[in-house]
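> Here is the input, now give the coordinates:
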Amino acid sequence: MMQNEIAVGYRLSPQQKRIWKLLEADPRAPYRSLVALSIEGMLNETRLTDALREVVNRHEILRTSYPVHHGLSLPLQTISEAGLLYTEADLSDLPEPHQQSRLERLFEEEKRRPLDFKGGENLRATLVRLSPTSNVLLINVPAITSDGAGLDNLVGEVISLYQDPQAGASLQEPLQYADYSEWQNQLLEAEETRAGRDYWRRADFRNPAALKLPFENRLASESGFAPGVLSKTIEPETLDGIEALAARAEASVASVLLAGWHALLWRTTDDDGIIVGACYEGRRFEGLGDAVGLFEKYLPIRCRLDDRQEFLDVVKSVEESARAAELWQESFAWEHLGDFQEAGDEKPFFPFLFDFREGRLERSSGELDFSIYRRYSCTDRSSIRLSCRRDQGKLTLDFHYDSALVRDESVRRLAGRFETLMQSAVSNPLSKVTRLNLLNLAEDREMAEWNRTERDYPRGACAHELFEQQARQTPDAVALEFAGETLTYRELDERANRLANHLVSLGVGPEVIVGVCLERSFDLIVALFGILKAGGAYLPLDSAYPNQRLEYMAKDAGIRVLLTQSSLLDNFSHLVSHVVCLDSSRQQVDSLSPLRP
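Reported below is the predicted structural model:
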């Protein structure tokens with residue numbers, strides 16, 4: 001566009017701006033809403049495609065592209081005639097078990113499939129044929145186009161228009177998303193909403209980057225967002241107890257589950273200032289409930305926990321905070337949180353998220369039965385998100401997690417502990433949060449077995465000497481495995497020896513304490529053995545500690561040498577005489593002799 005041309009279009013909504021910035025950082029991240037609609041009966045495919053096209057015609061957001069004009073940092077919404085992309089897949093020749101596995105694979109492929117929403121590709125529909133009377137319709141929309149609730153609305157309209165092709169004339173004229181976007185932008189700038197913006201600015205929130213799970217692979221924090229999911233169904237007796245506890249606390253079922261999520265995260269991280277981003281649908285006002293578009297947002301809910309609190313009190317506290325957030329939800333925007341964001345960081349996120357939804361879409365007619373049996377929605381980044389759905393006396397928990405940060409097994413343990421904690425909480429809601437069970441009977445027995453560690457220890461032997469003995473016996477056996485890579489005992493021993501030689505050259509020996517601040521990695525184990533081999537002692541330093549505490553620890557221990565990594569260097573460069581970054585200095589260290597000093 002020439003500089004003297006006028007840019008025509010509509011501003012992005014605040015939610016769309018956030019998605020745009022997240023995708024600028026990681027264009028391949030699967031921010032989208034996806035649903036699998038089961039269709040049982042003799043399907044008329046022409047009527048189905050006609051219904052899909054009519055829905056696209058009714059909602060402008062499904063025909064919107066996002067050009068970035070000269071001089072603008074963000075695109076404008078431009079409404080066009082583009083929209084539906086329709087494909088087919090025939091699995092009818094496969095045996096039923098193979099059909100299901102292939103259908104699962106198709107669903108996962110749709111989650112990762114790039115959608116050119118910038119160019120107007122806003123709805124991709126895939127009809128999967130299983131038999132003459134059984135089909136599955138996959139509908140995939142990018143998150144900038146719609147959230148999960150909007151996609152449910154879209155599916156409901158497709159069903160209505162399929163059942164009655166003339167229903168379009170009687171359906172209420174939908175609210176167009178571009179009008180909502182403009183209203184939201186004006187609302188965030190209006191004087192009468194200052195009180196809401198001030199509420200979020202005054203809230204006692206700190207930077208979410210400080211919130212970490214202890215089992216995270218923090219070295220992968222800069223890699224792309226790669227969501228995985230683990231599902232769990234809660235026993236009906238536990239759901240009954242949760243509902244009874246909600247009534248007793250005069251709170252919602254969502255608040256009881258959110259209180260349990262806060263309690264588990266606190267017990268897991270030992271951080272008393274846990275912040276959870278709770279999902280609010282943003283559809284409180286008339287006309288928004290049936291709209292298609294991205295309305296939902298995650299709002300920060302903080303819950304301060306201590307050893308004296310009873311779980312019932314935590315539920316009441318969460319309910320109060322959740323109601324306040326609901327009251328001011330239209331006033332929330334990331335830029336209003338001030339110091340909550342790191343300086344210059346436009347893409348902060350809540351590491352821990354939570355959402356709760358009721359029911360599922362089911363509809364029958366004389367000829368077809370429609371039901372949603374699987375859905376996926378991701379409209380923001382997180383380390384781990386607990387997604388709860390209550391449907392006809394059944395509670396399903398989906399633990400969505402960033403697989404680049406958290407291992408599957410760690411999520412499986414966390415999910416089991418959440419279920420155990422909720423069972424314990426509903427059995428005795430007046431119990432202190434610290435007394436709620438986290439381990440089931442099998443884990444209790446396993447923990448007891450692990451703690452039976454009595455062994456005869458060779459008198460006079462040090463830990464690194466025992467390791468060296470093992471390295472001589474099994475040099476080619478795997479000693480360490482991490483992030484898909486391995487180190488043998490020989491390789492680990494040689495790397496530790498090289499580091500020990502370097503430390504000796506820096507004056508490390510008996511009575512010399514070396515500081516260690518490293519994320520979980522091979523380098524951490526190499527550092528510990530290297531220090532012991534050099535004759536020194538090590539002092540662990542946690543990068544999450546306040547700088548004043550780290551400075552006090554370093555001075556009090558008389559640390560002259562520190563082992564760390566480049567990403568943490570700014571925290572420590574001024575504290576000690578010699579700082580060794582094991583990632584950036586590896587070439588220098590590896591040039592030294594692998595023989596023990």
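> Tell me where the model's unsure across the stretch 351-500 of the chain.
Across the stretch 351-500 of the chain, the stretches falling below the confidence threshold (pLDDT under 70) are 441-442, 444-453, 455-461, 483-484.
> Okay, strands next: where are they in it?
Counting by DSSP state E, counting those that start in this stretch, the stretch 351-500 of the chain forms strands over residues 352-358, 362-364, 368-378, 384-391, 394-402, 478-482, 485-488, given from the N-terminal end onward.
> Among those, single out whichever gets nearest to residue 60.
Proximity of the strands of the stretch 351-500 of the chain to residue 60 was assessed by CB to CB; the nearest stretch is strand 368-378, lying at 21.2 Å. For glycine as for every other residue, the C-beta is placed from the backbone atoms N, C-alpha and C.
> Give me the contact list for that closest one.
For strand 368-378, the surrounding residues in contact (CB atoms under 8 Å, 6 or more residues apart in numbering) are 30-43, 107, 111, 143, 147-148, 151-152, 155, 159, 162-163, 227, 229, 360-364, 400.
> Using PDB, write out every CA atom in it.
The C-alpha coordinates for strand 368-378 follow below in PDB (Å, rounded to 0.1, in the frame of the first residue of the first chain):
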ATOM      1  CA  LEU A 368     -29.700 -38.000  12.400                       C
ATOM      2  CA  ASP A 369     -28.200 -37.900  15.800                       C
ATOM      3  CA  PHE A 370     -25.500 -35.300  16.400                       C
ATOM      4  CA  SER A 371     -23.100 -35.200  19.300                       C
ATOM      5  CA  ILE A 372     -19.700 -33.600  20.100                       C
ATOM      6  CA  TYR A 373     -17.400 -36.300  21.400                       C
ATOM      7  CA  ARG A 374     -14.100 -34.500  21.300                       C
ATOM      8  CA  ARG A 375     -13.000 -30.900  21.300                       C
ATOM      9  CA  TYR A 376      -9.800 -29.000  21.700                       C
ATOM     10  CA  SER A 377      -9.300 -25.300  22.300                       C
ATOM     11  CA  CYS A 378      -6.100 -23.300  23.000                       C
END
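> Residue 543: neighbouring residues, count only.
Neighbourhood size, residue 543 [other CB atoms under 10 Å]: 17.
> any idea what sits nearest it, other than its immediate chain neighbours?
The shortest distance from residue 543 to any residue that is not its chain neighbour, by CB to CB, 6 or more residues apart in numbering, is 5.1 Å, and that residue is residue 568.
> okay, and for the stretch 201-350 of the chain, where does confidence drop off?
In the predicted model of the stretch 201-350 of the chain, residues 204-210, 218-223, 335-347 satisfy pLDDT under 70.
> ok, which stretches of it are strands?
Per DSSP E, counting those that start in this stretch, the stretch 201-350 of the chain has strands spanning 227-234, 275-280, 297-302. These are given in chain order.
> Turn those strands into a markdown table, columns for distance to residue 395 and mean neighbour count.
Output for those, formatted as a markdown table (distance: least, CB to CB, whole Å; neighbours: other CB atoms under 10 Å):
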| stretch | distance to residue 395 | mean neighbour count |
| --- | --- | --- |
| strand 227-234 | 4 | 15 |
| strand 275-280 | 17 | 23 |
| strand 297-302 | 20 | 22 |
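> what would those strands look like in a markdown table with distance to residue 326?
Formatted as a markdown table, the entries for those read as follows, by distance: least, CB to CB, whole Å:
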| stretch | distance to residue 326 |
| --- | --- |
| strand 227-234 | 25 |
| strand 275-280 | 6 |
| strand 297-302 | 8 |
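> Determine the three-state secondary structure at residue 114.
coil (DSSP: H, G, I helix; E, B strand; the rest coil).
> Distance check, it against residue 63.
With the distance defined as CB to CB, to the nearest Å, residue 114 ends up 19 Å from residue 63.
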